[in-house]
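Trainee: Sequence first, then the predicted structure, then my questions.
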Amino acid sequence: MGNYFEILLSIAVILIAFYYYAISNFDFWKKRGVVGPTPTPFFGNTMDLIFTNISLRHYIKTAYDQYKNEPMIGLYLMKKPSLILNDPELIKHVLIRDFSKFADRGALVYEKTEPLSPHLFNLEAERWRPLRARLSPIFTPGKMKEMFYLIIECSQHLEKYLAKEVEKGEPLECRELTTRFTIDVIGSCAFGIEMNALADGRSEFHQKGRNVFDATFENVFRFKMKQFFPELYDLLGYIIPERRLASFFTKAVMDTIKYRQENDIFRPDFINMLMELKAHPEKLNNIELTDSLLTAQAFVFFSAGFETSSTTISNTLYELAVNQEIQNKLREEIMEYCSKDKGELEYETVKEMEYLDKVFKETLRMYPAVSLLIRNAISNYTFDGTKVSIPKGTKIWIPVFALHRNSDIYPNPDSFDPERFNEDAVAARNSMHYLPFGDGPRNCVGARFAIYQTKVGLIAILRNFKVDVCEKTRIPYEFDPAAFLLAPKEGIYLKFTKIQS
């Protein structure tokens, strides 16, 4: 009996000790005068995110709305403190002024279990800096002009494909349509490969691209493990290794490089940039340049490039279908400029379309491709003008979606109004209140490319087709909580009608 009691007492002591360990850090933000939602023992503020279907975007926006008059909000990822920034000046310090203290995104790279994870978006500052410096020239205006005709060719294929589909008289699912277009663009501009996604929906690149973002149980499980149990995933990730995509993309990239070398082929594209790095690794400060590291850069250009732009095009079409007067005004501008080019769209002409730019920016305000920017403190840091100090390793969250939907910044934030981006309105706002591509040295390296392929896709569609809502269109727009990026639930179905010349 005595032994039984001693065992129970030992278990109770262990449980109590574990409980106090689990909550031992929950006064971290209170000591620093930072407000935030009450954490739950063992899980901090992550219980809903782990066990329910609530999206990270929705959770962060809820916290932001509750404390939007506060400069910062304290959260706990399990027992680890993290911070949401609301104040635009604090955001500017993290992204720009004190970037050297926040050069990491805090993403963990698992090169053994996920060979494609050491890409530009995830890499720590040491490898990110030289890679970014060598890869960014592919996105200069000069390089974009060289690749522009490739985007135009793909847009012509889009027009022909749409013309055939419209004859069937059925509504079209826009995300599938625009995904095929952007995959063809990325394939041509990055890999020098004709993906044929528009011609063949069973294209292997198309299928693999969809697999990256599909909210399958395995993908969601892996994502939550990495977000909330990173140390555990580092130990156990080998149980669910991601090999299918890695082997496919590694073979595709290496075969393309080999073919170009053997046949002395030059194209001004992303693969050529990787070939130059492979030939001259000293340009990367002698970082070990493995096939996986090279492939990972091509993989992130492909996956991020097609998904974000295709979603933006389809979201724009949705808003234009709902707001016909805006669609008509935009089409008038497109027709006017295309007539100047005698039907042949020029690089400079796209830049000159002011109303198209407003429509594009308003779409990214309402539906930013990335709803949250994450930075990791790489040293101890005290926020300027405050007494709030954070230790190295603290994760900083910048709530892009919540800022873009703040009614104090954007009145009637759920309505689509391109005039929010006229010159006077933009000048009156803090630049940190609009962050679709991030800001500072670690902003989106492919922003210029995304802008052009999105705008060219929209021009190709709107100068040839009228877009309307139909019985299958979900109004109001409903987000898919399981999607990794901001995306609609059950797709976007619209009716397309050919415009008679």
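Mentor: The structure has been received and is ready for your questions. Being a predicted model, the structure only gives us computed values, none of them experimental. Numbers count the residues shown, from 1 in each chain.
Trainee: For Glu344, which three-state class applies?
Mentor: Going by DSSP: H, G, I helix; E, B strand; the rest coil, the secondary structure assigned to Glu344 is coil.
Trainee: which ones are touching Glu352?
Mentor: The contact partners of Glu352, by CB atoms under 8 Å, 6 or more residues apart in numbering, come to Tyr337. Where C-beta positions appear, they are placed from N, C-alpha and C, glycine not excepted.
Trainee: was I right about Asp48 contacting His58?
Mentor: No: using CB atoms under 8 Å, Asp48 is not in contact with His58, being 9.4 Å away.
Trainee: quick one: which of these two has more around it?
Mentor: Taking other CB atoms under 10 Å, Asp48 and His58 do not tie; His58 has more neighbours (17 against 14).
Trainee: Could you look up the SS state of the more buried one?
Mentor: Recorded secondary structure, His58: helix (three-state DSSP).
Trainee: Tell me if I'm right that it and Ala482 touch.
Mentor: No: between His58 and Ala482 there is no contact under CB under 8 Å: 11.4 Å.
Trainee: Wait, Val228 touches Lys79, no?
Mentor: You called it Val, but residue 228 is Phe. No: with contacts defined as CB under 8 Å, Phe228 does not count as touching Lys79, sitting 11.2 Å away.
Trainee: ok, the spatially most central residue of the chain to Arg180 distance?
Mentor: Taking CA atoms, centre = their mean, the centroid of the chain lies closest to Val370, which sits 3.9 Å from it. According to CB to CB, to the nearest Å, Val370 stands 22 Å off from Arg180.
Trainee: residues in contact with the closest residue to Ser188 other than its chain neighbours?
Mentor: In this structure, Ser188 finds its nearest non-sequential neighbour in Leu150, 4.6 Å apart by CB to CB, 6 or more residues apart in numbering. Neighbouring residues of Leu150 by CB under 8 Å, 6+ apart: 185, 188-189.
Trainee: Just the local confidence number for Leu150, please.
Mentor: Predicted confidence (pLDDT) for Leu150: 91.
Trainee: how close does it get to Asp269?
Mentor: Distance, Leu150 to Asp269, using CB to CB: 8 Å.
Trainee: What of Val359?
Mentor: Separation of Val359 from Asp269 (CB to CB): 29 Å.
Trainee: the more surrounded of those two?
Mentor: Val359 (25 against 22).
Trainee: Spell out which helix or strand contains that one, please.
Mentor: Using DSSP states H and E, Val359 maps to helix 354-366.
Trainee: Where does pLDDT dip in the chain?
Mentor: Within the chain, the ranges that satisfy pLDDT under 70 run 1-2, 5, 10, 16-22, 201, 213-217, 235-244, 341-343, 484, 501.
Trainee: mind listing what's buried in stretch 72-85?
Mentor: 72-85 (16 or more other CB atoms under 10 Å).
Trainee: typed the wrong thing, it's stretch 150-157
Mentor: By 16+ other CB under 10 Å, the buried positions in stretch 150-157 come out as 150-152, 154-155, 157.
Trainee: how about TSV for the residues you listed, with secondary structure and distance to Asp234 added?
Mentor: Output for these, formatted as TSV (DSSP: H, G, I helix; E, B strand; the rest coil; distance: CB to CB, whole Å):
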residue	secondary structure	distance to Asp234
Leu150	helix	40
Ile151	helix	40
Ile152	helix	45
Cys154	helix	40
Ser155	helix	44
His157	helix	44
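Trainee: quick one: contacts of the helix or strand where Lys61 lies?
Mentor: Using DSSP H and E, Lys61 sits within helix 56-66. Helix 56-66 has contacts (CB under 8 Å, 6+ apart) with 36-37, 45, 48-49, 73, 75, 84, 86, 227, 371-372, 397, 399, 401-403, 405-406, 479, 481, 486.
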